[in-house]
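Undergrad: below are the sequence and a predicted model for it; my questions follow.
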Amino acid sequence: TSIYRNGDAIVTDLDNAAWGATTSGAWSYYNDDASYECPYGKLYNWFACTDSRGLCPTGWHVPSDAEWTTLTNFLGGLSLAGGPLKSTGTAIDSNGLWTSQNVDATNSSGFSGPPCGYRNGIGIFGAMGVQSYLWCSTQSVAFGGWVRVLFDNNGTVARSSNYKESGYSV
């Protein structure tokens, strides 16, 4: 989405300096290229994910750290949950989005997590095709929020605390 639940626009088209300096909600396409919208979606900073106007449609919300923990525990724990959460196939085999490998991917959960990459806190893009970063709505420390990460080379899910200025998927 490019708007909050109440219809207000979420800021976009920020250059690297503005992206890293904002403490308001913002989103971008990977590499600021709209051709990545489908199937990768948008990358949001943590401020957009936790804005009181609501990033998600009515009845939906950005999951908390505790909700992510419940999901990964249900799927076998952090060491196994990545496979059931990842979309299957690879770009090299022309049957998926993961670049060259997609170890343990089954998508048995139906989540279909694609490798969307990220935009870091100073605006630099990376990891498309090899990693998927997903925000939690829970603050970890004053300058960071909890994130879950899926990887191309294994079936784990990492739990990490990253800067609120970073751009990740929801």
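TA: Okay, I see it.
Undergrad: name the strands paired with the strand or helix carrying Val147 and say parallel or antiparallel.
TA: Using DSSP states H and E, Val147 maps to strand 144-151. The strands that strand 144-151 pairs with in its sheet are strand 131-141 (antiparallel), strand 157-163 (antiparallel) (by DSSP bridges).
Undergrad: for this protein, which segments count as strands?
TA: Using DSSP state E, the strands found in the chain span residues 27-28, 43-44, 118-119, 125-126, 131-141, 144-151, 157-163.
Undergrad: out of these, which gets nearest to Asn102?
TA: Asn102 lies closest, by Cβ to Cβ, to one member of those: strand 144-151, at 9.5 Å. C-beta: built from backbone N, CA, C; applies to glycine.
Undergrad: and the closest one, how far out from the chain middle?
TA: Strand 144-151 sits 8 Å away from the centroid of its parent chain (Cα atoms, centre = their mean, to the nearest Å).
Undergrad: name the residues of that strand that are buried.
TA: For strand 144-151, burial by neighbour count (16 or more other Cβ atoms under 10 Å) applies to Gly144, Gly145, Trp146, Val147, Arg148, Val149, Leu150, Phe151.
Undergrad: save those as TSV, and put in pLDDT and distance to Gly129 too.
TA: As requested, these are exported to TSV (pLDDT from 0 to 100; distance: Cβ to Cβ, whole Å):
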residue	pLDDT	distance to Gly129
Gly144	97	25
Gly145	98	24
Trp146	98	24
Val147	98	18
Arg148	98	18
Val149	98	14
Leu150	98	12
Phe151	98	11
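Undergrad: quick one: which of those is nearest Asn6?
TA: Gly145 (22.0 Å).
Undergrad: any buried residues in stretch 50-65, and which?
TA: Buried residues in stretch 50-65 (16+ other Cβ under 10 Å): Thr50, Asp51, Gly54, Leu55, Val62, Pro63, Asp65.
Undergrad: that older thread, Ala18 is nearest to which of the strands of the chain?
TA: strand 27-28 (10.7 Å).
Undergrad: partner strands of that closest one, parallel or antiparallel?
TA: Strand 27-28 has its sheet partners listed here by DSSP bridges as strand 43-44 (antiparallel).
Undergrad: what does the strand it pairs with contact?
TA: With contact meaning Cβ atoms under 8 Å, 6 or more residues apart in numbering, strand 43-44 is reached by 10, 25-30, 55, 116-119, 135, 167-170.
Undergrad: since that was my last question, I'll sign off now.
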